[in-house]
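In: sharing a sequence plus its predicted fold:
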Amino acid sequence: MKKILVLPAFLVIATLAPFTSCTKEKETPDTPQVVPTELTVNSDFQFTGTLDGAIISHVDYKNGFNIHTFNEYESASEPDTSRAIYESGIGNSNSQGFTLVKGARAYQKGDENNLDNLMVFFAKGSYTLFNEKININTEKGIELNYRDASGNEWASYGGSQTGSVVTIEDVKKIDNANYHGVIIKAKIKCNLYPVGGSGTSKKADLTAILRYSS
């Protein structure tokens, strides 16, 4: 006759325990945080930031965007005043993009090819946006223009700019076989208003890396 051995419950559990293993849940790796690269005067020419909260990234030689420059200069001898307009922008073949224009009427020694004059013209500091479109007779001022993909245009001179500012944070002189001018880094916070039509204003918060030719 066979004997049946009955073990107490706690002995059964203790006996099986060494053969039982826990499955460890796989740890989800932390998502790496991307730290934005601080733009400098050595960065690609560009307008980046937001327009009404939407991300803007218009960079030279990317996605069909390229830099363009223009200047108009009337030199004068002291005590008369010279007059100047300098503009630089990033746009595509549809003319979509931004343009930053600076104008002034002030005596400058030398002529428009004098880079020291241009360094002074774009000196570091904060500038208020002009309330009229800049032209060659403008006493002084700075303006931002924008054209969207549909051809609609906005400008900073179309309304109030209370609290708006353009801050030139850095300026670099370039004088070599390929280029004669300056490069600036500017922070722009302003309102843009529809040009020649009705519509709502837009809020621009941008960083610009631009060159200006003498």
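Out: On my side now, so go ahead.
In: CA atoms for contacts and neighbours, from now on please.
Out: Noted.
In: can you give me the strands for the chain?
Out: 46-51, 54-59, 66-74, 83-91, 97-105, 125-127, 140-147, 153-155, 165-175, 180-194, 202-213 (DSSP state E).
In: next, format the ones you listed as JSON lines and append mean neighbour count.
Out: Converted to JSON lines, the strands of the chain look like this (neighbours: other Cα atoms under 10 Å):
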{"stretch": "strand 46-51", "mean neighbour count": "21"}
{"stretch": "strand 54-59", "mean neighbour count": "17"}
{"stretch": "strand 66-74", "mean neighbour count": "16"}
{"stretch": "strand 83-91", "mean neighbour count": "24"}
{"stretch": "strand 97-105", "mean neighbour count": "22"}
{"stretch": "strand 125-127", "mean neighbour count": "14"}
{"stretch": "strand 140-147", "mean neighbour count": "22"}
{"stretch": "strand 153-155", "mean neighbour count": "22"}
{"stretch": "strand 165-175", "mean neighbour count": "17"}
{"stretch": "strand 180-194", "mean neighbour count": "22"}
{"stretch": "strand 202-213", "mean neighbour count": "23"}
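In: figure out which of those is closest to N114.
Out: N114 lies closest, by Cα to Cα, to one member of the strands of the chain: strand 180-194, at 9.0 Å.
In: about what we covered before: and the strands of the chain as TSV, adding mean pLDDT and distance to N117?
Out: Shown next, in TSV, are these (pLDDT from 0 to 100; distance: least, Cα to Cα, whole Å):
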stretch	mean pLDDT	distance to N117
strand 46-51	97	24
strand 54-59	96	28
strand 66-74	87	12
strand 83-91	90	11
strand 97-105	86	12
strand 125-127	93	16
strand 140-147	90	15
strand 153-155	94	27
strand 165-175	95	11
strand 180-194	95	10
strand 202-213	95	12
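In: distance to I134 added to the ones you listed, as CSV?
Out: Formatted as CSV, the strands of the chain follow (distance: least, Cα to Cα, whole Å):
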stretch, distance to I134
strand 46-51, 21
strand 54-59, 24
strand 66-74, 12
strand 83-91, 8
strand 97-105, 6
strand 125-127, 14
strand 140-147, 7
strand 153-155, 11
strand 165-175, 15
strand 180-194, 15
strand 202-213, 16
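In: of these, which is nearest T40?
Out: Nearest to T40 among the strands of the chain is strand 180-194 (6.4 Å), distances taken as Cα to Cα.
In: direction included, what does the closest one pair against?
Out: The pairing partners recorded for strand 180-194 under DSSP bridges are strand 153-155 (antiparallel), strand 165-175 (antiparallel), strand 202-213 (antiparallel).
In: sorry, back to before: nearest to L118, out of the strands of the chain?
Out: Nearest of the strands of the chain (Cα to Cα): strand 180-194, 7.1 Å.
In: can I get that closest one in PDB? Just the C-alpha atoms.
Out: The C-alpha coordinates for strand 180-194 follow below in PDB (Å, rounded to 0.1, in the frame of the first residue of the first chain):
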ATOM      1  CA  HIS A 180      32.000  94.100 -48.200                       C
ATOM      2  CA  GLY A 181      29.600  95.000 -45.500                       C
ATOM      3  CA  VAL A 182      28.300  94.000 -42.000                       C
ATOM      4  CA  ILE A 183      26.400  91.100 -40.500                       C
ATOM      5  CA  ILE A 184      24.000  91.800 -37.600                       C
ATOM      6  CA  LYS A 185      22.000  89.700 -35.100                       C
ATOM      7  CA  ALA A 186      18.700  91.300 -34.200                       C
ATOM      8  CA  LYS A 187      15.800  90.400 -32.000                       C
ATOM      9  CA  ILE A 188      12.500  91.700 -33.300                       C
ATOM     10  CA  LYS A 189       9.200  92.000 -31.400                       C
ATOM     11  CA  CYS A 190       6.500  94.000 -33.100                       C
ATOM     12  CA  ASN A 191       3.100  94.200 -34.700                       C
ATOM     13  CA  LEU A 192       2.500  93.800 -38.400                       C
ATOM     14  CA  TYR A 193      -0.400  95.400 -40.100                       C
ATOM     15  CA  PRO A 194      -2.100  94.700 -43.500                       C
END
